[in-house]
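[1] Fold the following and give me the result.
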Amino acid sequence: MQPLSPIRIKSGDAEIVYRVVGDGPRVVLLHPFPANHEFWLPIAEALAARYRLILPDLRGHGDSGAGEGPATMEKHAADIRQVMDDAGVGRAVLVGVSIGGYALFEFWRRYRVRVSALALCNTKAPGDSAEARAARLQAANDVLERGTEPFFESMVPRLLGQTTRETRPDLVEGALRMMRKMSPEDVAQVQRGMAERPDSVATLRTINVPTLIVTGDEDILAGRNEADLLHRHIDGSELLVIAKAGHYSAWEQPEEAGRVLREFLDRTRNC
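    Residues are numbered from 1 along each chain as shown. Predicted coordinates:
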């Protein structure tokens, strides 16, 4: 797919950049940390044949600025709303991976009338434990002192499944290329924002739109246990597990992830 033209808007104290491709019902695709909109490009062409895809770079990722202070879920949710407003999107299917899912829980709490359906991929509802929060804050400090490369290298075995790491060095390098667009300051502010995110388990029972839950069978960060929790608490939700995929399942297995997502979008076209 050819590079997509960036659209730049102001949201709060940050410049947020997004891209648009395709035509049809609107779908907002939110990438994981520490990636950017390019995460979706392997499946965007197939989806864009029937859908208009809105591809933001989340605050602090890719070409979007981080603004001042932690990149909180409240800020991400407001940014998503601003992107939808700018793109002329009233109501849409929203798809979020990892931090994209965290942002969607907040978006649902604040702007649920804008949501026609949800796809929650490789994400989890509980907030960080005290230990996990401390680790995020330490990582934020470390990247400011040591730079991002040691952090990104340490993330590869956590984000990409064993199958991908052993058989697809091109996908590993592509993931690192996305990560390297973030500065130390970006990584620090995004990590601090995730450390502050609220627990969203109670929110799950309020979700009353068609919801797809996706995880990878090699995801060690938000795998089957976390997906099962989402599935149990969201009435009527669907759960699918992508084989030979880790936390970046849509990046690692784009053909299967694209098929799963397109079938869900087709089923919810008239919601």
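[2] Quick check: the nearest residue to Leu41 once chain neighbours are set aside vs Arg19, distance?
    With C-beta to C-beta, 6 or more residues apart in numbering as the criterion, Leu41 has its nearest non-adjacent residue at 5.4 Å, and that residue is Met1. C-betas here are computed from N, CA, C, even on glycine. Met1 is 11 Å from Arg19, where distance means C-beta to C-beta, to the nearest Å.
[3] my guess is the residue nearest to Leu41 meets Ala44, correct?
    Yes - using C-beta atoms under 8 Å, Met1 is in contact with Ala44, at 6.1 Å.
[4] For the two, list the residues in contact with both.
    Contact criterion C-beta atoms under 8 Å, 6 or more residues apart in numbering; residues shared by Met1 and Ala44: Val21.
[5] neighbour-wise, which of those two wins?
    Taking other C-beta atoms under 10 Å, Met1 and Ala44 do not tie; Ala44 has more neighbours (24 against 12).
[6] part of a helix, is that one?
    Yes - the assignment for Ala44 is a helix, going by DSSP: H, G, I helix; E, B strand; the rest coil.
[7] so it touches Leu55, yeah?
    Yes - counting by C-beta under 8 Å, Ala44 touches Leu55, with 7.2 Å between them.
[8] State the distance from the residue nearest to Leu41 to Glu153.
    For Met1 relative to Glu153 (C-beta to C-beta), the value is 28 Å.
[9] ranges for the strands of this structure?
    With strands called from DSSP state E, the chain shows them at 7-11, 14-21, 26-30, 52-56, 92-97, 115-121, 211-216, 238-242.
[10] Now render the ones you listed as JSON lines, adding distance to Asp79.
    Converted to JSON lines, these look like this (distance: least, C-beta to C-beta, whole Å):
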{"stretch": "strand 7-11", "distance to Asp79": "4"}
{"stretch": "strand 14-21", "distance to Asp79": "5"}
{"stretch": "strand 26-30", "distance to Asp79": "10"}
{"stretch": "strand 52-56", "distance to Asp79": "7"}
{"stretch": "strand 92-97", "distance to Asp79": "13"}
{"stretch": "strand 115-121", "distance to Asp79": "16"}
{"stretch": "strand 211-216", "distance to Asp79": "22"}
{"stretch": "strand 238-242", "distance to Asp79": "28"}
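[11] Could you dump the ones you listed into CSV with mean neighbour count, distance to Ala78 and mean pLDDT added?
    Formatted as CSV, these follow (neighbours: other C-beta atoms under 10 Å; distance: least, C-beta to C-beta, whole Å; pLDDT from 0 to 100):
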stretch, mean neighbour count, distance to Ala78, mean pLDDT
strand 7-11, 16, 6, 98
strand 14-21, 22, 10, 98
strand 26-30, 26, 14, 98
strand 52-56, 25, 12, 98
strand 92-97, 26, 14, 98
strand 115-121, 25, 15, 98
strand 211-216, 26, 22, 98
strand 238-242, 18, 29, 98
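[12] For Gly174, find the nearest of those.
    strand 92-97 (15.3 Å; C-beta to C-beta).
[13] helices and strands around the closest one, which ones?
    Strand 92-97 is packed against strand 26-30, helix 99-111, strand 115-121, with contacts defined by 3 or more C-beta pairs under 8 Å, 6 or more residues apart in numbering; DSSP states H and E.
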